[in-house]
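[1] take a look and give me a structure for this.
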Amino acid sequence: MRKATVGVPMEKPYSQSCENNKQPILELLRRVFSRSRRVLEIGSGTGQHAVYFAPELPHLEWYTSDLAENLAGIRLWIEEQPSENLFPPMVLDVNDSEWLIEDFDAVFSANTAHIMHWADVEVMFRGVARYLPFRGRFALYGPFCCHGMHTSESNVRFDQSLRARDPGMGVRDIDALEELAQAGGLVLLEDNEMPANNRTLVWEKR
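    Next comes the predicted model:
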């Protein structure tokens, strides 16, 4: 029988894609969140984006969130790279009837829509629309289809690998996301091309 290891510190989670895309995302957020004050990050993942963005955007309060099982890894990153405007992660399942944080005026989420099941994506958009104030902004980063078509062969392969792993996953179409956004009073301000065949979509609550 394998004995449980006691007292071994948890390894900090790491994502190479976060390292690859953090600078171009930061430059975009610096502009689109220039008048924002309190940001909720949905699906903070490893925490790498948060610890990089927060000190570079000192006018913002940055609130991390994720499912309970991912919070320990985010805490490790924050403990190693703390910032006065970066707050400890909170449990957030978009399907919760009440989200624990209110009064934010911006939402950021990266590489989440394609790993969520579509029903969860719908709930996320309803929650964002519910809690964002007038003129609040929602920036969503990741790979997307345009009018039912993939934008690159690499995204075709990525979509196939996601669906093979879990049929509920998949690269989402911007038109379908726009329907969800419009239903919640979110207006698409920008569709930004990003490196590695990704995009950042920016909506504003009207």
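[2] would you check that F144 makes contact with T200?
    No. F144 is beyond contact range of T200, at 9.6 Å (criterion: Cβ atoms under 8 Å). C-betas here are computed from N, CA, C, even on glycine.
[3] packing partners of the helix or strand hosting L29?
    Under the criterion of DSSP states H and E, L29 resides in helix 16-32. If you count contacts as 3 or more Cβ pairs under 8 Å, 6 or more residues apart in numbering; DSSP states H and E, helix 16-32 packs onto helix 48-56, strand 106-110, strand 137-142, strand 186-194, strand 198-205.
[4] give me the distance from it to the chain's centre.
    In terms of Cα atoms, centre = their mean, to the nearest Å, the centre of helix 16-32 is set 12 Å apart from its chain centre.
[5] stretch 194-203 now?
    Mean C-alpha position of stretch 194-203 versus that of the full chain (Cα atoms, centre = their mean) differs by 12 Å.
[6] just the buried positions in it, please.
    Across stretch 194-203, burial judged by 16 or more other Cβ atoms under 10 Å covers 198-203.
[7] and stretch 169-189, by the same measure?
    169-174, 176-178, 180-181, 184, 186.
[8] for stretch 11-30, same thing?
    By neighbour count on 16+ other Cβ under 10 Å, the buried set for stretch 11-30 is 12-13, 18, 21-22, 24-25, 28-29.
[9] same check, this time on stretch 66-81
    For stretch 66-81, a neighbour-count test (16+ other Cβ under 10 Å) marks 66, 70-71, 73-78 as buried.
[10] then stretch 146-154?
    Neighbour-count burial for stretch 146-154 flags 150-151 (criterion: 16+ other Cβ under 10 Å).
[11] go ahead and name everything in contact with it.
    Stretch 146-154 is contacted from outside by 143-145, 156, 159, 171, 173-175, 196-197, 199, using Cβ atoms under 8 Å, 6 or more residues apart in numbering.
[12] ok so, going back, among the buried residues of stretch 169-189, name the ones in helices.
    Among the buried residues of stretch 169-189, the residues falling in helices (DSSP state H) are 174, 176-178, 180-181.
[13] for those, which two are the farthest from each other?
    The span of these, defined through Cβ to Cβ, is set by I174 and L180 at 10.8 Å.
[14] report the central residue of this structure.
    By Cα atoms, centre = their mean, the chain has its centre lying nearest to S109, at 1.6 Å.
[15] beta partners for it?
    L140 (DSSP bridges).
[16] show me what contacts it?
    Neighbour list for S109: 41-43, 124, 138-141 [criterion: Cβ under 8 Å, 6+ apart].
[17] how about 6 Å then?
    42-43, 140 (Cβ atoms under 6 Å, 6 or more residues apart in numbering).
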